[in-house]
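A.B. asks: Need coordinates for the below:
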Amino acid sequence: MTIVFLCGSIEPGCDGVGDYTRRLSKELLINHKVSIIGLNDRYVSAVQQRASRDRAQIGEYRIPASITTKNRIALAKDWINQINPDVISLQFVIYSFHEKGLPFGFKNTIGNICNERFLHIMFHETWLGVTKSASFKDKIYGFLQKRIILSLVKTSQPRLITTTNGLYKTLLSEVNITAKIVPLFSNISIADKDEVFLKKIYSELNLDVNRSYYIVGVFGNIYNDSNIRDGIIEFENSKKSENITTVVLGFGKISERAASIFQQLHFEFSNRIIIKHLGEFEPKQLSNLIQILDVAISPTPAKHIGKSGVYAALRLHGKAVIIPNTKLFPEYEHEIMDFNKQLELRSAESFDVANVAKDFSRLISQAIQNSNSNKKLSTTF
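C.D. replies: You can find the predicted model right below:
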C-alpha cells in the first residue's frame, strides 16, 4: 500500500503531530511505501523534497507556509499525482493550517488536493470551548472551528475518520461524525541500559549507588494546572512509614514558566526530598531515566491524558503514573472516565508504535475493502 500523510509542519522536534507522523511512517515502512507532505511548513523558506524508496526511506515534501494557498495546493497535488497513493491521511490539528486556528476554505484545499482519492482524517484535536465554563472567546472560536471541521468532512467525504481518545470521539459524534479510536503510542522506545549515563546522573545528584531511593519522575512540560506539588505529597503520604529518601527528577523540554514552578518545588521540598530538573536528553537517555523510576507524576491533567505521548511513554516502560489533576469536563465526565479506565487496563506493549501501526493498517485496509464493495454495489444498481 502507498500512503501519503498530510501535516502542517514536519520539522523534527518542533511539531508534535509532525513527529508523531514521522514515527508512525517509519514503522509503516516495514510493509508499505510512505511519504509525508508538510502542507503549511513554517520552518522552511523554499520547497524541500526527498524521494521515497520502497520500504527504505520516507518521502518528504515540505511546502513553505509563506507560499500562497493556490500555489501550495498546486505543488501538493502535483507531487501526489506523481506518487499516485492508495491512501491520503490528513493528520489534522486546526492550528497547523492557520496561525489563529481558523483556516476558512480548508475544505477546498483538501478537496482540490485529494481529488476523490481515498481520504483518511485523523483528528488529533477538535475545537475550543467544549464546556460551559469555557471563556466567551473560546466559545466563539470553538463555534467557528466546529463549522470549519463540519464543512471539511462534508466536502471531502473521508472514507475513514479516527481520533486519539474518548472525549474527541464523543465530541465528533455529537455533530454526526463517526470516528474510530487509534490511541497514541509512546514517543520514546525502550533502550538498552546505559550504565555510564546512569552513573553520571547519580553523581550529579550526589546519590550513593549503594543506598536505596524512591525515584519519582516528572517527564515533560509543567502547566499551571499540573498540580505536581499535590502529586509529590500524595507519593510522600503513601511512603510515610518507610525510611527511604525520595528523589524527584524532572526531565525533558520545559518552558520558562515550568522551570520557575520546578524551582518553587525545590525550595519547598528540599529539606526532605532531593529534587532537581535535569534538562533535555536524547531518546535513549530519556528511556534510561524512565527505567530507573519507581513512579511518575503526569503533568497532563486526567481530561487530556488520552492525547499525551508522555503518558504513553511512561506506560510502555511499565511505570505507574500519578495524575494529580483529576478535574474533568463536567459535561463529559462519564466518557473521559470510561476511556481513562480503558487506558489503565491496557498492557505496556500496546503503547508501542508497532502495535498502533498494525491497528492503523488494519483500519485502513478494512475501509478500503468497504469502499470497494460500495463501488461494486453502486455499479450493479
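A.B. asks: Packing partners of whatever helix or strand residue 371 lives in?
C.D. replies: Residue 371 belongs to helix 353-380 when assigned by DSSP states H and E. In terms of contacts (3 or more Cβ pairs under 8 Å, 6 or more residues apart in numbering; DSSP states H and E), helix 353-380 is packed against helix 16-28, strand 87-92, strand 160-163. In short, each C-beta sits where N, CA and C put it, glycine included.
A.B. asks: What pairs with the last one, parallel or antiparallel?
C.D. replies: In the sheet, strand 160-163 lines up against strand 119-123 (parallel), strand 180-181 (parallel) (DSSP bridges).
A.B. asks: For residue 5, see how far away residue 359 is.
C.D. replies: According to Cβ to Cβ, to the nearest Å, residue 359 and residue 5 sit 16 Å apart.
A.B. asks: out of these two, which sits in the more crowded spot?
C.D. replies: residue 5 (29 against 16; other Cβ atoms under 10 Å).
A.B. asks: what's the spacing between the more buried one and residue 60?
C.D. replies: 10 Å.
A.B. asks: Residue 360 now?
C.D. replies: 19 Å.
A.B. asks: Give me the more crowded residue out of these two.
C.D. replies: More crowded of residue 360 and residue 60, by other Cβ under 10 Å: residue 360, with 22 against 18.
A.B. asks: So the more buried one sits against residue 32, correct?
C.D. replies: No - in this structure, residue 360 is not within contact of residue 32 by Cβ atoms under 8 Å, at 10.1 Å.
A.B. asks: Out of the helices and strands packed on helix 353-380, flag the one nearest residue 294.
C.D. replies: Minimum separation from residue 294 across the helices and strands packed on helix 353-380 (Cβ to Cβ) falls at helix 16-28, 27.4 Å.
A.B. asks: so how many other residues sit close to residue 270?
C.D. replies: Residue 270, neighbours per other Cβ under 10 Å, totals 11.
A.B. asks: show me where the stretch 51-200 of the chain has helices.
C.D. replies: For the stretch 51-200 of the chain, applying DSSP state H, counting those that start in this stretch gives helices covering 69-83, 106-114, 136-156, 166-174, 195-204.
A.B. asks: In TSV, list these along with mean neighbour count and distance to residue 27.
C.D. replies: Below are the helices of the stretch 51-200 of the chain laid out as TSV (neighbours: other Cβ atoms under 10 Å; distance: least, Cβ to Cβ, whole Å):
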stretch	mean neighbour count	distance to residue 27
helix 69-83	16	19
helix 106-114	20	24
helix 136-156	17	26
helix 166-174	20	23
helix 195-204	12	26
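A.B. asks: Compile these into JSON lines and extend it with columns for mean pLDDT.
C.D. replies: Formatted as JSON lines, those follow (pLDDT from 0 to 100):
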{"stretch": "helix 69-83", "mean pLDDT": "96"}
{"stretch": "helix 106-114", "mean pLDDT": "95"}
{"stretch": "helix 136-156", "mean pLDDT": "97"}
{"stretch": "helix 166-174", "mean pLDDT": "96"}
{"stretch": "helix 195-204", "mean pLDDT": "94"}
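A.B. asks: For the stretch 201-350 of the chain, give me the ranges with low pLDDT.
C.D. replies: For the stretch 201-350 of the chain, applying pLDDT under 70 flags no range at all.
A.B. asks: And the helices in it, which stretches?
C.D. replies: 228-238, 256-269, 283-291, 309-316, 333-345.
A.B. asks: Looking at these, which one is packed in the most?
C.D. replies: Mean neighbours per residue, mean count of other Cβ atoms under 10 Å, is largest over the helices of the stretch 201-350 of the chain for helix 309-316, with a mean of 24.
A.B. asks: Can I get it in PDB, CA atoms only?
C.D. replies: Taking Å, rounded to 0.1, in the frame of the first residue of the first chain, the C-alpha atoms of helix 309-316 are listed here in PDB:
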ATOM      1  CA  GLY A 309       2.600  10.900  24.300                       C
ATOM      2  CA  VAL A 310       4.500  11.300  27.600                       C
ATOM      3  CA  TYR A 311       1.800   9.200  29.400                       C
ATOM      4  CA  ALA A 312       2.200   6.600  26.600                       C
ATOM      5  CA  ALA A 313       6.000   6.500  27.000                       C
ATOM      6  CA  LEU A 314       5.700   6.000  30.800                       C
ATOM      7  CA  ARG A 315       3.200   3.200  30.300                       C
ATOM      8  CA  LEU A 316       5.300   1.500  27.600                       C
END
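A.B. asks: circling back to that earlier point, output the helices of the stretch 51-200 of the chain as CSV; include the columns distance to residue 248.
C.D. replies: Below are these laid out as CSV (distance: least, Cβ to Cβ, whole Å):
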stretch, distance to residue 248
helix 69-83, 46
helix 106-114, 43
helix 136-156, 33
helix 166-174, 30
helix 195-204, 13
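A.B. asks: I'd assumed residue 247 was in contact with residue 232.
C.D. replies: No - with contact defined as Cβ under 8 Å, residue 232 does not reach residue 247; the gap is 11.1 Å.
A.B. asks: Can you report how many residues lie near residue 24?
C.D. replies: Residue 24 is flanked by 23 other residues according to other Cβ under 10 Å.
A.B. asks: do the same with residue 190
C.D. replies: If we define neighbours as other Cβ under 10 Å, then residue 190 has 16 of them.
A.B. asks: For it, what are phi and psi?
C.D. replies: Main-chain dihedrals, residue 190, degrees, to the nearest 10: phi -70, psi 120.
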